[in-house]
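# whatever this is, show me its structure:
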Amino acid sequence: LGRYLFGSFSLDEPWQKRSEQQRSQFYRVTRYLASLAALSAAPRNLALCRDAGMKLPCVMKSCNIRMDTPENKNLFHWHQDTTYLLGSLSGLTFWVPLGDVNEEKGTVELIPGSHKSGFYPFRCTLSNLSPKSSLSPQDVLLEQDPEEEPLRVNAKAGDLVVFRQMLLHRSTPNRSDSIRWTIQLRYADLMEETFREAGYPLGDNT
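Coordinates of the predicted model:
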């Protein structure tokens, strides 16, 4: 994909060489790769969802490949995915680093058990919020940051990290000189009663 868009491309190539438009374009189109769709619907992943208690797991449209550059312009502070992705309260995120993640490269930090406490009070930072607004974690701020000690995820390339979308988490700075690439696959349970009664709200179209 990178070679097609840019003529030449390497995951380890300094991202500063690319224009802001090229970066945005690349980030936007990676979520439509057939390989990402195939991975999202892999039978093994759906089996893991059922092992976690889902009765009828569905793939949410918010699956994507994320890139965190050393500039750290798009770090996500503490948030719960369900706040803006909606979906079922039992929703799951599958987080897969495409390279080793650690304190230097940056990673995610989690607050264990926080998914059991319901929604944490938050405020939206968008000035013109409407029912058609599209939210991201950058648009949602907790009224108070968690006081618990976070768990930092150190993982190898290709490892699978699974957590509830109600879990508090945040991304940490990339202090290396290369991009941190990760995949996020997200699932909801179509059989969850509150999800069904609400009319199956999903953040990709609500």
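
# going by C-alpha atoms from here, please, whenever you check contacts or count neighbours.
Noted.

# grab the longest strand from this structure for me.
strand 180-189 (DSSP state E).

# pull out the buried positions in whichever helix or strand comes after that one.
Where DSSP states H and E defines the elements, the next helix or strand beyond strand 180-189 is helix 193-197. By 16 or more other C-alpha atoms under 10 Å, the buried positions in helix 193-197 come out as Phe195.

# also stretch 88-107?
By 16+ other C-alpha under 10 Å, the buried positions in stretch 88-107 come out as 88-102, 105-107.

# ok now stretch 66-81, how far from the chain's centre?
9 Å (C-alpha atoms, centre = their mean, to the nearest Å).

# counting neighbours, which bits of that stretch end up buried?
66-72, 75-81.

# same for the longest strand of the chain, what does it pack against?
strand 57-59, strand 64-68, strand 92-97 (3 or more C-alpha pairs under 8 Å, 6 or more residues apart in numbering; DSSP states H and E).

# which helix or strand lies directly C-terminal to the lengthiest helix in the chain?
Criterion DSSP state H: the longest helix present in the chain is helix 20-30. Next along the chain after helix 20-30, taking DSSP H and E as the criterion, comes helix 34-40.

# got the contact list for that next one?
59, 63-64, 185-186 (C-alpha atoms under 8 Å, 6 or more residues apart in numbering).

# ends of stretch 35-49, how far apart?
In stretch 35-49, first residue to last residue: 20 Å (C-alpha to C-alpha, to the nearest Å).

# looking at the helices and strands packed on strand 180-189, spot the one closest to Thr172.
strand 64-68 (9.5 Å; C-alpha to C-alpha).

# tell me the angle of the closest one relative to helix 20-30?
150 degrees (axes from the mean of the first three to the mean of the last three C-alpha atoms, to 10 degrees).

# picking up where we left off before, only the buried residues of the longest helix of the chain, if you could.
26, 30.

# what is that helix packed up against?
helix 2-6, strand 64-68.

# give me the mean pLDDT for the first one.
Okay, so that is helix 2-6. Mean pLDDT, helix 2-6: 49.

# again with stretch 52-63
pLDDT averaged over stretch 52-63 gives 94.

# how far does that stretch sit from the chain's center?
For stretch 52-63, the distance to the chain centre is 14 Å (C-alpha atoms, centre = their mean).

# now do the end-to-end distance for it.
End-to-end distance for stretch 52-63, by C-alpha to C-alpha: 19 Å.

# spatially central residue for the protein, please.
Gln184 (4.9 Å; C-alpha atoms, centre = their mean).
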